[in-house]
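> I'll drop the sequence and a predicted model, then ask my questions.
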Amino acid sequence: MPKAPNTAAASGWTVWPPAASFFIFEVDGVEIGAFTAVQGLQVEVDVVEYVEGGTNGYVHRLPGRVRWPNVVLRRGITKSDALFDWFKKTIESFGDKGNKLERCTGAITLLDEAGVRLRSWEMEGAFPVAWRGPELNADGDAASREELEIGHHGFRAATFG
């Protein structure tokens, strides 16, 4: 009787599943930085219900619009201004100094413990929607964090190696 394949070996990864704690964000191939949390890597399809006369046993359910929620990236404050610079550049592209929103390709890349790229999610037509800085409080001891919210037209996944 044949043996079932080892899931980790069949996937080509030595650790299965890979840890979801190492990832970076890039804009048009330029690394913006590493983040501690990413939310919103999902896609949803609306369901449209159609009631047909004379059919009482069920309601037709058809696929509708595809929705790609905004992606939210979080991290501790760093010395790098790359994140805020990208946000500022995008604002200027459609603000007083421009008239066309500059969209980019944003990529969130999962890394293994050695820093080897495992999988990437490339967001088409990405642009920053919101940046939130740290909450400053002299009485608290919470870590200083920043958050970036990104709008996009959808993403595609890619593996490396």
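Received the coordinates, thanks. Numbering: from 1, shown residues only.
> so who does residue 160 touch?
Contact analysis of residue 160 by Cβ atoms under 8 Å, 6 or more residues apart in numbering lists 116-120. In short, each C-beta sits where N, CA and C put it, glycine included.
> pipe those residues into CSV and attach neighbour count per row.
CSV is the format used below for those (neighbours: other Cβ atoms under 10 Å):
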residue, neighbour count
116, 12
117, 17
118, 19
119, 15
120, 19
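> after the helix-or-strand element of the chain with minimal mean pLDDT comes which helix or strand?
Within the chain, no helix or strand scores below helix 7-11, which has a mean of 52 by mean pLDDT, DSSP states H and E. Using DSSP states H and E, the helix or strand that follows helix 7-11 towards the C-terminus is strand 23-27.
> please save the CA atoms from whatever helix or strand comes next after that following strand in PDB.
Proceeding N to C from strand 23-27, the next assigned helix or strand is strand 30-34, under DSSP H and E. Backbone C-alpha positions of strand 30-34 (Å, rounded to 0.1, in the frame of the first residue of the first chain) are rendered in PDB as follows:
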ATOM      1  CA  VAL A  30      11.200  49.100  -3.200                       C
ATOM      2  CA  GLU A  31      11.200  47.700   0.300                       C
ATOM      3  CA  ILE A  32       9.200  49.900   2.700                       C
ATOM      4  CA  GLY A  33       9.900  47.800   5.800                       C
ATOM      5  CA  ALA A  34       9.000  44.900   8.000                       C
END
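> got any ranges where the protein has weak pLDDT?
For the chain, applying pLDDT under 70 flags the ranges 1-21, 95-98, 161.
> ranges for the strands of it?
23-27, 30-34, 37-39, 44-50, 60-67, 71-76, 104-111, 117-132, 145-151, 155-159 (DSSP state E).
> who are the packing partners of the last one?
The helices and strands touching strand 155-159, judged by 3 or more Cβ pairs under 8 Å, 6 or more residues apart in numbering; DSSP states H and E, are strand 117-132.
> over to the first one?
For strand 23-27, the helices and strands in contact under the criterion 3+ Cβ pairs under 8 Å, 6+ apart are strand 30-34, strand 104-111.
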